[in-house]
Each structure stands twice: as structure tokens, then as C-alpha cells.
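Engineer: quick one, structure for this:
(chains A and B)
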Protein chains: 2
Amino acid sequence: MDDLQLVKKYQKEIILLKRAEALLAWDQRTYMPSKGISGRAEQISFLEGLVHEMTVNNKLYSALKRLKKRKNIFGDDKIMINKLLKYVSKKRRLPKEFIEKLTKTTSLAESAWIEARKKNNFKIFEPHLKKIVELKKQQARYIHLKGHPYNSLLDEFEEGMTVEKLKPVFRKLKNDLLNLISNIKKSKEYKNQKQVILKKNFPRDVQMDFVRDVIKRMGLEEDNSRIDFSEHPFTTDIDLKDVRMTTNIRKYPLFSFVASMHEAGHGLYMLGYPEKHKYDLLGDASSIGMHESQSRFWELMIGSGKPFWKFYFPKFNEKYHLNTNFDRFYKEINFITPSKIRISSNEIYYNLHILLRFEFEIGLIEGTIKVKDLHRLWNQKMREYIGIAPKNDVEGVLQDIQWSMGYFGYFPTYTLGTIYAAQLYAAMKKLMPSIEKDISKGDFKRIRKWLKENIHQQGARMLTDDIIKKVCGKGLNPDSFINYLNDKYSKIYKF
Amino acid sequence: MDDLQLVKKYQKEIILLKRAEALLAWDQRTYMPSKGISGRAEQISFLEGLVHEMTVNNKLYSALKRLKKRKNIFGDDKIMINKLLKYVSKKRRLPKEFIEKLTKTTSLAESAWIEARKKNNFKIFEPHLKKIVELKKQQARYIHLKGHPYNSLLDEFEEGMTVEKLKPVFRKLKNDLLNLISNIKKSKEYKNQKQVILKKNFPRDVQMDFVRDVIKRMGLEEDNSRIDFSEHPFTTDIDLKDVRMTTNIRKYPLFSFVASMHEAGHGLYMLGYPEKHKYDLLGDASSIGMHESQSRFWELMIGSGKPFWKFYFPKFNEKYHLNTNFDRFYKEINFITPSKIRISSNEIYYNLHILLRFEFEIGLIEGTIKVKDLHRLWNQKMREYIGIAPKNDVEGVLQDIQWSMGYFGYFPTYTLGTIYAAQLYAAMKKLMPSIEKDISKGDFKRIRKWLKENIHQQGARMLTDDIIKKVCGKGLNPDSFINYLNDKYSKIYKF
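Structural biologist: Predicted structure coming up:
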């Protein structure tokens, strides 16, 4: 077998194992009987170990290094080799003992986090978080990318993105969002807003009918995808032609609908990866941020917009017996209210929650913020960003699971995704000025085609920021998002 | 790591991989979107390859050989080492090229079988079957167990069982079954029997309510098992505490109920394997025949019996509005009619179908029967065994998938299971004379406990026949089954 064949064989085998692992994880959250959990944990961790062994395998590494020097390799093969070598080298920098320690620490930390939430007491989680932060600093030293130490963690989720690039973007975003909120809060509309329609109960089966209707319109088909229930909605790909989404019914009666559009955005991306790369790392998302851009695009730019609800409002009004008019409904689903909880926040406050976490993560990794001060600082920063402070740990520093899992560098991708989504929407509207007409007829064919050709089919051949630059004319830039928000909310709140 | 640790580690890893594979297979038949099939085939065959590699690994083999010679190993460890060494040695006798050839041949043969059924033409399948028979002969030569060459194939499914032991048992069974049928056919009851009640449609949701009710009574709980739908009902274990059963709704309105009891019998066995062997080969069924004994026990000895229906008939009568009496219902569910199709046959004719297939398999492997004569011989033998001949290939020689999959030596386990089930039922009744009272109250606790202690908890520590001997006083013996049938049907048909 020549080196290129060997590299492709390894990648295919790694991907096949990962897909088996993905199914184990999907099943765990959807259909697994509860007592299966301890066996499931062993199954998943064994497969993960195999994947890691294969990734850092010496034969693979040597083949990649030889291939990198070869002159007669071009196109996607060249891109694949460079990308894989970078990935493998990074993984090889982490000693086996370090990975085992990290896995063990986060596993204990996750249990401690659950316990701490039950008892509403950060102190229970604090020593675990301290250990995790130390390990993450250590990880950053092992990986050792250029610039800020946090870059080495961020790169895991958002390849090519750096603190140096993010900081000015996030600084501008923070100012603009706070300005917008200040304008909203001064408006008469804001002072009089009162939730009525969305306090009703919507029947479960009707909710699911609408879920199935909207994801079918978005382009998900029964022969290549499914939607099930799980505690937290998520999407995973078991194969290029087999994507699994989940949703849930919650108190907020639009939750199932909105969450399903979000997940279906992820799902469409996965179904659109380039077929010829289905067994190598180019047949994947360019980054987590890009993934999030696809879900946010459908959830926010499409799913909270006026044209979209022009189509769906009459159906909702009829099936749920709302007895209301379009304007009241559209306003109510877009009401802006501050929330202490990130995941309950709307598209404005949500990003402020992220910026706050980004600031903490940077501080923790730099060492300028100590874990023991987090509790105090959380409340202080919440007032600065959101204007309200949590009453207790559960609605404060204990609200997110990510840190207990060791996911440092993940939070920024949520806001990156939102910014990219707005950039894509602006580019799309410029190119297809009549697209809102399609949307208001429930016709998403042109959108789907455009996203597939410009984003999905690229796979991971380019970095996210380069894809965005190519498609939108500019790389990461918050202006489109700010314009989108100002335009939308100045109309809703009349300022 | 010492040899024993190494052997245990290998087994655990092999079992973890097999369980991931089991979930992939379960998902394929229950929830997978149809286009996922080609990816799924690759995932499963890759994991299967890994399992095979690990099983025939030299390090494992050497460790086992050294351990076998050690004097200071006792109890279950000794049993496990002997059993695993036997298993590994058998697998190592099959060259890699042979396995690849067999896999490829059966994969093509299965498609050809489907095609042949569509066109109702054995000729399409014939050349494939010929190749499979040659490979199976070759396999028997590689494995090379004592006695009849078929023993090497049978042993794969029913360890320790041989043609020499089976032939006299099956000969007696054939005579006794044909005698019984002759008595039934001469009876007045037989001549007047007419299906009425079971031609009705039973509502789907009521069927599923009864399914859930009966498997819960049998002892399957929601926290360690589930039941879903699939084309053909099956059961698989993903973990000692996670068993998956499936059922289906068919035209015959009791199908879902009866099939679910059958599958739940398998499920209870799997949930009862000894916990301390959950990651070695002793935590498994002692054989396929023993597995089938557990399903047949519940399906036939319990689920088609008078005491059982004393409990369920009133509920069925009410919920399905049958407007009938117990005697008519009980008779009708036990009507004996010959069928050309194995899987549509009742407990008497079913075994004649198996004996016929056993005779063919022996002949094909010995070389006394040629594949090209199979078509002609099938019709001839059907008249001898069942009294009717198929009109075409689909209801004749093409009815079963097993041969296309290369499963030679599998069919006998169906009848072995039935014989063992009857032996177990007889032993149980002797030990607990009032057990029918429990059954007629829908109370299966004592039965479940007895099966768990005597069969399930044994795992694969002993051969099936030895377990049966220990529990029932005798090894494989068809008398209990014949007595059970004679007793039951002489009452139904009044002879």
C-alpha cells in the first residue's frame, strides 16, 4: 500500500469507528433503557480510545510527513494531507497520561457539577473546575500555537481563529449590542410589552405536526434523516446519508419548532458535505462556528423573521386557536427581555452571555482570574453585560455544563456562528433580492441550494473565515449582524 | 500485564466492539433512514473485521496456551480459558482468504436469493448455493472436529452437539410427530375445524397494550429493556442491562403477542447472564439451542397453554369484542393445519420442517445430495414430512434466508430448543406441581426465578446438554416434548 492509500485507509477506519460511536451516543440520549448507562460509558470510551490510538499511530504520522514532502500531490489530496498532518501533530503533542488524566478529571467534574447544581452550591464544583483550568493551561502549553495561550484551545473548535482576531470583533459587538438594548429599553413599546399568546399550552401532537412540516420544507427527507426526542435537542451524523436530529416539548410553546429548525440547519449541513470526501476529514464542517452559523441562520434569520411568519402565522393561528393578529404575534415572539440564563436568552442577550464567558475563559487561562473569585465576578459581570445579577449559583456560574466537560474555547463559536449567519443572510439577500418572497411562501429551495453550493459542499477544504470571505466578500465582521438587529428591532420597538 | 489479565482485557474489548456492532444492527432494522444502508454495511463489516483480528491475535493465542498449562488456575477461570482456547483455535483454522471469500460469496448469494424469490426461480440462486455448499465443506475440513463433517458446522451454533447424537433423536421425533398428526387427522374435530375468531382484525394499539402487558408480567422492565418494531421480530443485547426486542403487527392477529413472548423469552435469558462474566465469553448463552429453548418455552409451553389463556382470554374477549367462549378460542389458537412455509407452521409441523432441512444439510455436506437436485427432492420430501408439496420455489426451496447467509448447522437448533423447552417445563411442573395455578393468575415470578437460577445464571459455563441433564435429570430427549404434544392435542382433538 502506498502512503496515500494508507492515509486514506486510516481515515476511513477512524471515521467508521467515530460513526459507531456517534450512534452509541445518539442512542444513549434517545432510546437507551436507563440501566444501560454504565455499559454504554465503557463502550464509548473504548471506541474513543481506539480512535485516539489510530490518530496518533506512528505509521500514519510517518506516511503523512513523507507525503507532505512529495511534489506530485495536488488539489484536495494536498489540502487533506496538510490538514490531517496538522491535526495529528496536535494530538500527538498530548501525552497519553495527560489525556487519561483529563478524561478522568472531567468525568468526575461532570458528576460534581450535577451535585453542585442539586445543592445550589458552587463550592462543590470549585475544586474540580480548578483542576480542569490547570489541565487546560497545560494543554495550551503542549499544543503551543502562536499568540495567546487560549488560541491553542480555541483552535480545537474553530481552526484558524485567534484571540487577536476575536477581541476587537467582540469589543465592537458588545458596544453595539448594549447600545441597541439601551434604545429598546427607552422605547414605549418595551415598557408596555406583555407576553400573552406564548403563555398558552400548544397541544403536543400539533407541535410535532408543525415540526415535521417545517423540517420537510427545509429539505430534510425521511429516507436520509429522522427526528426523535431527547432531553436537550442535538444533531449527529451516522453517515453522509443518515442524519439524526432531536427535539423536545417544553413550556415555551414555540420551543419544539424553533429548536427543530436550529437542529435541521445542522442536519442540512451534514447532508451536504462533499460525497467524495465522505471517508476523509474534508467531508466535515469547516469548524464548529460554521456549524452554528447553519443552525442559527435557520433559527434566527429565517425562523424569527417577518417573511417566514407571514407563511406560518395563519396556520399557527388556526391550529392553535390563537385569536390574534399577525403584528401582535410577530412582536411577541421577538420580545426582548434580559435573562440570567444563557439558553433562555433571545438573539441579542444571548451573545452578551457568550462575551461574558469568553472574558472569563481568557482570564482563567491567562491566570488573571482565579476560580475562587469566579462566583463574585460572575455577579459583577452579569450586571455589566445583562443588567441583572443571579440570585444563586444555579442561575449563575453553575448554569452551563461546558466547563465541567473541559470545553474551553467552545463558547465563542456560538457567537461566531451567529455573526457568520448574518453575513450569509446579507450576502444571500444581495444576490437574490426577491428571496423574502420565497420565504413568505414557505419555499426554501433557493436558499437551500445556495447554502449547499457555497457552504456545505466546501466541507472542510478551507478555513471557515476564508469560506466566509469568499462568499460574503469579507471575513468575520459583526456589521451584518448589528445591521440585521437594528433594522429588525427599530421596527418592532419603533425607535 | 500477566496472561490472565491480558486474556480478560482482550475479551472485554472484543465484547465491547460486538456490542457496538449489535447496536448498529439493531438500529439498521428499527430506526435507520433507508439511505443509511450502504454506510451501515461498511460500519458493521469494519467492526466485524476488528473483532476477528482480535480473536485470532497471536498474543491472545499464546497467552491462552500458556494458561492452559498452568496448574494454579481453577474454577471459572479454568473453564473460561478452555472454552476460549477452543473457540480461538477454531477461528484460527480458517485462513483469512477463506473468510473473505465466504463473506463475499454469502453477500452476493443473499442478493441472488432476494432476486430469485422475486422471480420465483431457484435457478437464479442455484449457482450461489452451490458455491456456498463447497465453501461449507471446506470449512468443515478446516475445523475438522471428530465424527461426521457436519459436526464442525453444527458446533458453531450448538457446541458439543453432533450428528451422531442428533440422528436417533430426530428419527424418533419424526415417527412420533407423524403418528400424532395421523391421530389428529383421523379425529372428527379436525374434520370440522374452521378458523373464525382469528380472521378478525385486532386494533393495533390494543395489540400493543397486550404486548406490553405480557412482557412486563414476564419480568421485562422499562429500565433494562425495550420493544420496538421491525420487519422480522428479533432480540439483541447491547449490555447485560440493556436488551432490545422487536415485534410486528401482521395479518394473523395474535402474531404480535406470540412473537413478543418469544422474543421476551430470549430477552430474559440475556438479562439473566451471570454479572461477573459480563465481559467474558461465559456471560453468554450456552448455545443457540438453549437460547431457542427460552423463547419457545414462553411462546409454546406457557403462551399456547390452557392455564395461560385462562388468564388472558377474558381480557382478549372483552377488548377485542370476540363474543366467544374459552373453549372455542383455545381450540382455534391451537388448530393444527399443514403449511408449506416453516415460519407459518404450528408447533408440530414446524419441527417436521426442521427435520427435512436437517436431512438436506447433512446430504449436501456429505455430498449425497446435489444442489441441482434440491428442487426436485424438496417437493418429494415435503410430501413425506408434511403431506403437501409447494406449488413453486418461493413457497418451496427458496423460503428461507439461512442458506444464502451460509448458516449450515443452524436449523437443528430450532428443534433442539423446542425439545429442551419441553424438558424444562416437565421438570418445572414436577418440582412445582402448583405452577399452573400461578400461570392462570398471570403470575410468572416462580417460573422466572427458576429459569434464572437454573439456566440463565449458568451462562456458558457448561454445555447445553450438560445443563439440561443437571436440571432435568436427562440430556436431550424428545419424550417430554412428545408427551406434552400428545397430552395437549389428544384433549383438543378428542382421541
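
Engineer: quick one, helices of the stretch 151-300 of chain A?
Structural biologist: Listed in chain order, the helices of the stretch 151-300 of chain A (DSSP state H, counting those that start in this stretch) span A:151-157, A:163-186, A:188-192, A:204-218, A:255-271, A:288-296.

Engineer: and stretch A:146-162, which residues are buried?
Structural biologist: A:148-159, A:161-162 (16 or more other Cβ atoms under 10 Å in any protein chain shown). No exception for glycine: its C-beta is placed from N, CA and C like everyone else's.

Engineer: and it, what's its mean pLDDT?
Structural biologist: Averaging pLDDT along stretch A:146-162 gives 97.

Engineer: contact partners of whichever helix or strand residue A:447 is part of?
Structural biologist: For residue A:447, the enclosing helix or strand under DSSP states H and E is helix A:445-454. With Cβ atoms under 8 Å, 6 or more residues apart in numbering or on different chains as the test, helix A:445-454 has contacts from A:218-219, A:268-269, A:272, A:294, A:297, A:302, A:424, A:428, A:431-432, A:435, A:438-439, A:467, A:471.

Engineer: mind redoing it with 6 Å?
Structural biologist: A:219, A:272, A:428, A:438, A:471 (Cβ atoms under 6 Å, 6 or more residues apart in numbering or on different chains).

Engineer: tell me how far the nearest residue to the first one once chain neighbours are set aside lies from residue A:312.
Structural biologist: If I follow you right, that is residue A:219. Excluding the flanking residues, the one nearest residue A:219 by Cβ to Cβ, 6 or more residues apart in numbering or on different chains is residue A:448, at 4.7 Å. Separation of residue A:448 from residue A:312 (Cβ to Cβ, to the nearest Å): 17 Å.

Engineer: what's the answer for residue A:74, then?
Structural biologist: In terms of Cβ to Cβ, residue A:74 sits 48 Å off from residue A:312.

Engineer: between these two, who's got more neighbours?
Structural biologist: Taking neighbours as other Cβ atoms under 10 Å in any protein chain shown, residue A:74 and residue A:312 compare with residue A:312 leading, 18 against 8.

Engineer: could you say which helix or strand contains that one?
Structural biologist: For residue A:312, the host element (DSSP H and E) is helix A:306-319.

Engineer: tell me the buried residues in that helix?
Structural biologist: Here helix A:306-319 shows A:306, A:308, A:309, A:310, A:311, A:312, A:313, A:316, A:317 as buried, counting by 16+ other Cβ under 10 Å.

Engineer: against which helices or strands is that helix packed?
Structural biologist: The contact analysis (3 or more Cβ pairs under 6 Å, 6 or more residues apart in numbering or on different chains; DSSP states H and E) places helix A:306-319 against helix A:326-333, helix A:435-440.

Engineer: got a list of contacts for it?
Structural biologist: Residues contacting helix A:306-319 (Cβ under 6 Å, 6+ apart): A:206, A:302, A:326, A:329, A:330, A:436, A:439, A:440, A:442.

Engineer: strands along the stretch 301-450 of chain A, start to end?
Structural biologist: Here the stretch 301-450 of chain A has no strands by DSSP state E, counting those that start in this stretch.

Engineer: which residue does it have closest to chain B?
Structural biologist: Using Cβ to the nearest Cβ, residue A:448 is the residue of the stretch 301-450 of chain A that sits closest to chain B, at 17.5 Å.

Engineer: neighbours around that residue, how many?
Structural biologist: When neighbours are counted by other Cβ under 10 Å, residue A:448 registers 17.

Engineer: what parts of chain A come near chain B?
Structural biologist: A:16, A:19-20, A:23, A:27, A:33-36, A:39, A:43, A:46, A:223-226, A:239, A:241-242 (Cβ under 6 Å from any Cβ of the partner chain).

Engineer: where strands are concerned, which of the residues you listed count?
Structural biologist: A:225, A:226, A:239, A:242 (DSSP state E).

Engineer: show me the beta-bridge partners of the first one.
Structural biologist: It stands for residue A:225. residue A:243 (DSSP bridges).

Engineer: report the contact partners of it.
Structural biologist: A:243, A:267, B:33.

Engineer: by neighbours, which of the residues you listed wins?
Structural biologist: In the contacts of residue A:225, the most neighbours by other Cβ under 10 Å go to residue A:267, 28 neighbours.

Engineer: count the residues that sit near the closest residue to residue A:425 other than its chain neighbours.
Structural biologist: Nearest residue to residue A:425, sequence neighbours excluded (Cβ to Cβ, 6+ apart): residue A:301, at 4.2 Å. Residues lying near residue A:301 (other Cβ under 10 Å) number 27.

Engineer: so residue A:301 touches residue A:424, yeah?
Structural biologist: No: using Cβ atoms under 6 Å, residue A:301 makes no contact with residue A:424, being 7.9 Å away.

Engineer: in space, what's closest to residue A:42 - neighbours in sequence excluded?
Structural biologist: Spatial nearest neighbour of residue A:42, excluding adjacent residues (Cβ to Cβ, 6+ apart): residue B:16 at 6.2 Å.

Engineer: for residue A:324, same thing?
Structural biologist: Per Cβ to Cβ, 6+ apart, closest to residue A:324 is residue A:197, 5.6 Å.

Engineer: pull up the per-residue confidence for the one you found.
Structural biologist: On the pLDDT scale, residue A:197 gets 90.

Engineer: that one reaches residue A:332, doesn't it?
Structural biologist: Yes: contact between residue A:197 and residue A:332 holds when scored by Cβ under 6 Å: they sit 5.2 Å apart.

Engineer: near residue A:8, how many other residues are there?
Structural biologist: 16.

Engineer: so it, which of the three states?
Structural biologist: Under DSSP: H, G, I helix; E, B strand; the rest coil, residue A:8 falls in the helix class.

Engineer: would you mind measuring from the closest residue to residue A:403 other than its chain neighbours to residue A:361?
Structural biologist: Nearest residue to residue A:403, sequence neighbours excluded (Cβ to Cβ, 6+ apart): residue A:129, at 6.0 Å. Note on residue A:129: its distance to residue A:361, by Cβ to Cβ, is 12 Å.

Engineer: how about residue A:305, phi and psi?
Structural biologist: phi -90, psi 160 (degrees, to the nearest 10).

Engineer: what sits against it?
Structural biologist: Counting by Cβ under 6 Å, 6+ apart, residue A:305 has no contacts.

Engineer: returning to what we had before: most tightly packed of the helices of the stretch 151-300 of chain A?
Structural biologist: Sort the helices of the stretch 151-300 of chain A by mean neighbour count, taking mean count of other Cβ atoms under 10 Å in any protein chain shown, and helix A:288-296 sits at the top with a mean of 26.

Engineer: list the contacts of the residue nearest the centre of chain A.
Structural biologist: Nearest residue to the geometric centre of chain A (Cα atoms, centre = their mean): residue A:292, 4.0 Å. By Cβ under 6 Å, 6+ apart, the residues touching residue A:292 are A:413, A:414, A:417.

Engineer: for the helix or strand where residue A:124 lies, buried residues please.
Structural biologist: For residue A:124, the host element (DSSP H and E) is helix A:122-143. Of the residues in helix A:122-143, A:122, A:124-126, A:128-133, A:135-137, A:139-140, A:143 count as buried by neighbour count, 16+ other Cβ under 10 Å.
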